[in-house]
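Just need the structure, nothing else, for what follows:
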Amino acid sequence: MARFAYNWALSEWSRMYAEWQIDNDKPKPNQMLLRRNLNAIKRTEFPWMLDVTKCAPQEAIINLGRAFKNFFEGRGAYPAFKKKGVHDSFKVSSGFFRVEDKTIKIPHAGKIRMREELRFDGTPKSVTISRTANRWFASIAVEVSDTAPQTNCHIPAIGIDVGVNDFVQDDGSKIVIPQAYRGAEKRLRRAQKALSRKEKGSKNRKKAQMKVAKLHARASSIRSDFLHKYTTSLARNARTIVIEDLNVKGMAKNHHLAKSIANAAFGEFRRQ
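Take a look at the predicted model:
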């Protein structure tokens with residue numbers, strides 16, 4: 001639903017913008033206008049949209065508006081159409097879902113059990129439901145009161161030298177990076193070969209696709225777990241963190257190091 005609305009809005013935006021450039025008397029596209037247009041036609045042209053929460057298509061078009069804003073302001077590329085099975089997700093805004101203990105209630109989906117309760121006390125503002133391989137995740141944005149700044153940092157400053165095998169701190173200690181993708185490489189190769197032999201559209205091909213997706217997801221989770229734990233430890237213990245500047249895109253062009261650089265995730269480490 002969210003993917004369909006996004007792709008429909010992108011097609012309409014491109015058409016309306018081309019018409020506006022020829023005749024300025026015609027309306028210039030924006031996300032609010034497209035949301036109104038979709039609401040006006042969905043009961044007759046897309047009646048199946050009424051079977052799911054209205055937030056999914058509306059939030060998808062809002063996201064498209066942000067993507068175009070980033071494009072026009074030079075912060076991003078021209079929005080592309082979304083593909084099925086690639087970054088599947090939808091968003092539900094405040095007032096249309098409810099969280100109680102280990103359950104979340106979403107319109108038309110009912111109550112869904114979660115693995116854990118909310119970690120923060122506050123007001124849930126939105127939830128983004130996403131899928132990775134065969135696992136579903138709910139990312140809940142919570143508005144909390146201001147907290148006091150952390151004062152338990154006992155290291156004045158720390159410098160990090162990033163490498164493909166480990167991170168070296170200025171005190172000489174080394175933090176070994178788990179080689180998640182290297183470890184899964186042989187199994188991935190076998191799974192991808194098996195996938196290539198399956199007939200397109202068959203159930204066996206879907207099973208093979210899921211097996212490949214699970215292997216990728218496992219490797220990604222190992223890397224994410226390491227990065228989150230290490231960066232959290234740094235933030236809690238050091239007042240100032242210094243990281244060297246690296247041209248990651250340029251380094252990744254070295255085919256001998258590209259896989260190791262991707263596994264180390266320099267950019268994500270710096271972002272966190």
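
Low-confidence ranges, this protein, go.
Within the chain, the stretches with pLDDT under 70 are 147-152.

what's the longest helix in it?
Looking across the chain with DSSP state H, the single longest helix is helix 203-237.

Centre of the chain to it, how far?
Here the centre of helix 203-237 is set off from its chain's centre by 13 Å, with CA atoms, centre = their mean, to the nearest Å.

For the chain, just list every one of the helices.
2-22, 31-45, 55-72, 180-197, 203-237, 248-252, 258-264, 266-271.

Can I get the second one in PDB, CA atoms only?
I take that to be helix 31-45. Provided in PDB are the C-alpha atoms of helix 31-45 (Å, rounded to 0.1, in the frame of the first residue of the first chain):
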ATOM      1  CA  GLN A  31       2.700  16.500  -1.200                       C
ATOM      2  CA  MET A  32      -0.500  18.100   0.200                       C
ATOM      3  CA  LEU A  33      -2.100  18.500  -3.200                       C
ATOM      4  CA  LEU A  34      -1.200  14.900  -4.100                       C
ATOM      5  CA  ARG A  35      -2.700  13.600  -0.800                       C
ATOM      6  CA  ARG A  36      -5.900  15.400  -1.600                       C
ATOM      7  CA  ASN A  37      -6.000  14.100  -5.100                       C
ATOM      8  CA  LEU A  38      -5.500  10.500  -3.900                       C
ATOM      9  CA  ASN A  39      -8.300  10.900  -1.300                       C
ATOM     10  CA  ALA A  40     -10.600  12.100  -4.000                       C
ATOM     11  CA  ILE A  41     -10.200   9.100  -6.300                       C
ATOM     12  CA  LYS A  42      -9.300   6.200  -4.000                       C
ATOM     13  CA  ARG A  43     -12.900   5.100  -3.300                       C
ATOM     14  CA  THR A  44     -13.600   4.700  -7.000                       C
ATOM     15  CA  GLU A  45     -10.200   3.800  -8.500                       C
END
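
follow-up on the earlier one: of the helices of the chain, give the one that comes closest to Ala157.
Nearest of the helices of the chain to Ala157, taken as CB to CB: helix 203-237 at 11.1 Å. Bear in mind the C-beta positions are built from the backbone N, C-alpha and C, glycine included.
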